[in-house]
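Trainee: what's the 3D shape of this:
(chains A and B)
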Amino acid sequence: MKDFFAFVRDHADKLMEQTLTHIGLTFVSLLLALLMGVPLGILISRRKKLASSVLGVAGVLQTVPSVALLGFLIPLLGIGVGPALVALFLYALLPIIRNTYVGITEVSPSVKEAARGVGMTNNQILTKVELPLALPVIFAGVRTATVINVGVATLAAYVAAGGLGEFIFSGIALSNVNMMLAGAIPAALLAVGFDFGLARLQNLSAKKMRIGALAFVVLVPFLSAFYLVPGRQDKLIAGFAHEFYGRSDGYPGLQKTYGLKLRPRLIDQSLMYEAIRREQVDIISGYSTDGRIKAFDLLVLADNRHAFPPYDAAPVVRQTALDRYPDLGPTLNLLSGKLTDSIMTALNYRADYLHQSPERIATDFLKSAHLYQLPKPGDRAQTVVMGSKVFTEQYILAEIYRQLIEGKTQLRVATKTGMGGTQICFDALRTGAIDFYPEYTGTGLLVVLQPPAATLQALPMQPDSVYQFVNQQFVDKYQLSWLKPLGFNNSYCLMMRRKQAHLLGIRSITDLVHYLDKK
Amino acid sequence: MIDIQHLTKRFASHTAVDDVSLAIGQGETLVLLGTSGCGKTTTLKMINRLIEPTSGSISVDGIDVVKQAGPELRRRIGYVIQDGGLFPHYSVAQAIATVPKLLGWEPAAIQERIHELMAKLQLPETILNRYPAELSGGQRQRVGLARALAIKPPVVLMDEPFGALDPFTRRHVRRELFGLNELRETTVVLVTHDVSEAIELADRIALMDKGRIVQIGPPDELLNQPANDFVRDFLDDQPQRISR
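Mentor: Here you go, the predicted structure:
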């Protein structure tokens, strides 16, 4: 609990900004929904034939899961405020249309007839009788819509529109409970607070209620204006994944090492690349061998001060397997240094964007590296078991290993691909369920070994030193060996569009800091 | 005052009013009497164009009703329905001010008229700011009538005005209301199915059945010279013990 308050105190500025953005998002969309929903509700109460289709469409929109709705909207509106506002607007629409419609149609027929009977025109009946009597029902709809919107607005953090979702999703990505609560508790308080406030308004007597509703209508644009308060006029706009933003070897590391000062927008990892391609952000976080670097012509900024720990890929093998199959070690080491960053990026690109099969990609690569050999015929008595994690790069690596081993040795290769995350692969390796799998030095260090902070501090974050340290520890503790690195480093990185980086003369993170510091 | 000629109203499945002709004089109280579904309410609502006739004509004060805009016509004709037809969100004062406001009266004139009507209808001034839900049935009925009389209309239409009241209150309220000078000078068309109410209030009764007027005349005439058995049976309102 103390940690929680410490977190809130440390991030008070950010929290305030997020809260204001959240309120702003909620009420801008509510305002739009009112402007559209109330007239539509009135229209369908006049033309009942339209009612079922209008309510049906609004109802269907309501049932679309919010994440899916954002997914539909992103190709149309890009990322940022656009899709978030439209999604919130669509969710707020149904309760407002439906309650306006129900409120008006439920005014008793004898009252409506009396209104006509005393000589009111249709407009007068609407404004003097039907709407005032429907007001409590309409207001109940507004209340529902507000509470829905406070909840859905957390998802704005997926599309870089800000709000309290930033802390919630970062907290989830990092398993940081305090961060999660720092977003979730204010969001819940907002929902409860608005609900309570509107409920009070709703229960006022008829006359006071009209004054209250008027005050509310005046207040909504005012609350909406909160969205405009946090000014965002940075030279370059950064869009970071939630995990990168919070992890100590991510953005905080950059701040410490380079003194980098950005106001990053937080965005879902898979949308980040789309955002930079559409020039909605200028800098993103990512992984240095991602195929999209090539696909979208991005430039990885050089980490010249080594803020990011190295993530050199290398096979991790059981010592017993190396002893039992003498050919295995030397064969795996044939790949040492052959897979550079650019080669691995190109291979990932072929799989992710050209949708080529890992088999074909592996064969092509081995041929170009002059390592390809057709498997020799004959009996294969011995089997080596290989594991891999569930993402493109690991599937390709596994296929390369299989073809390489079966070409160069008399071993048979059984593959257990798709073993989930690091922990599953590592446990399988330690217990002997698999004989080897490709791992990254940084992951070995930070996920498997998790050395105390002092040890980490003392360790230079250079590829060699980390490799040595990890290998030593693995051998001592688990009888597992790291063979020679493959040559690429799939680490965290910052990237920009190549064109823009070139124009601004930015090649490294130091260049970026200089550029940002310039007036 | 009101002249109805060959009035007919057909709905999709049936004829509600079938060739009714009728003249109502100034200051006269005419009661449209009959069973439910006989066409009496439809006839009434065609006078202020709440329902448009299929054929025939109606003129009020010599002017054909279809030549006037509905809302304007209705503002000049008082209209009272069961339980007053008050708006739940209008206080007593607002209710009485409804039509004067629609006609753009000065606020002072409206206030004066409100107080005048409250006194005439024996409504205590303390209820001016109350809402219909806070009034008794009899009070609601009087406020409904006050609203209809606010601009001293030459014609008042009443559709089962006392229908929501218990028999005792009903007798009491109607005697009191019809004793008013204001109503005595006004042409009233009243719809009811209550025979004793009709006999008590009417200058003339028009007894309707199946969309037609069966007999029209002063109550005595209908009682003493019924045109046929239907009239005699309908007016024979005496309670009868079922003989064993």
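Trainee: residues near residue B:178, how many?
Mentor: Each residue near residue B:178 was counted by other C-beta atoms under 10 Å in any protein chain shown, and the total is 14. Glycine gets a C-beta too; all of them are placed from N, C-alpha and C.
Trainee: For chain A, see how far away it is.
Mentor: 20 Å (C-beta to the nearest C-beta, to the nearest Å).
Trainee: my guess is that residue contacts residue B:201, does it?
Mentor: Yes. With contact taken as C-beta atoms under 8 Å, residue B:178 and residue B:201 are classed as touching, separated by 5.7 Å.
Trainee: Mind listing the shared neighbours of those two?
Mentor: For the pair residue B:178 and residue B:201, residues contacting each of them under the criterion C-beta atoms under 8 Å, 6 or more residues apart in numbering or on different chains are residue B:29.
Trainee: Show the model's pLDDT score for residue 8.
Mentor: Picking chain A for this. At residue A:8, the predicted lDDT confidence score is 87.
Trainee: think we crossed wires, I meant chain B
Mentor: 91.
Trainee: sec struct for residue B:80, please.
Mentor: strand (DSSP: H, G, I helix; E, B strand; the rest coil).
Trainee: Give me the neighbour count for it.
Mentor: Residues lying near residue B:80 (other C-beta under 10 Å) number 26.
Trainee: List the beta-bridge partners for it.
Mentor: Legend: beta-bridge partners of residue B:80 under DSSP bridges are residue B:158.
Trainee: In contact with the residue nearest the centre of chain B, which residues?
Mentor: Using C-alpha atoms, centre = their mean, the residue of chain B that lies closest to the mean C-alpha position is residue B:158, 1.3 Å off. By C-beta under 8 Å, 6+ apart, the residues touching residue B:158 are B:79-81, B:148, B:188-191.
Trainee: the helices in chain B, which residues?
Mentor: When assigned using DSSP state H, the helices of chain B occupy the ranges B:40-47, B:70-75, B:92-102, B:107-120, B:137-149, B:167-178, B:181-184, B:195-201, B:219-224, B:229-235.
Trainee: So for residue A:448, which of these sits nearest?
Mentor: Ranking these by proximity to residue A:448 (C-beta to C-beta) places helix B:92-102 first, at 78.0 Å.
Trainee: got a list of contacts for that closest one?
Mentor: If you take C-beta under 8 Å, 6+ apart as the criterion, helix B:92-102 is touched by A:118-120, A:124, B:75, B:86-87, B:90, B:109-110, B:113-114, B:117-118, B:123, B:127-132, B:135, B:143-144, B:146-147, B:150-151.
Trainee: do the same with stretch A:73-82
Mentor: The set of residues that contact stretch A:73-82 without belonging to it, under C-beta under 8 Å, 6+ apart, is A:25, A:83, A:86-87, A:159-161, A:227, A:239, A:265, A:267, A:271, A:274-275, A:278, A:280-281.
Trainee: ok, now stretch A:250-269?
Mentor: Looking at stretch A:250-269 with C-beta under 8 Å, 6+ apart, the contacting residues turn out to be A:79-80, A:157-160, A:162, A:166, A:169-170, A:232, A:234, A:236-246, A:275, A:281, A:283, A:285, A:305-308, A:492, A:494, A:509-510, A:512-513, A:516.
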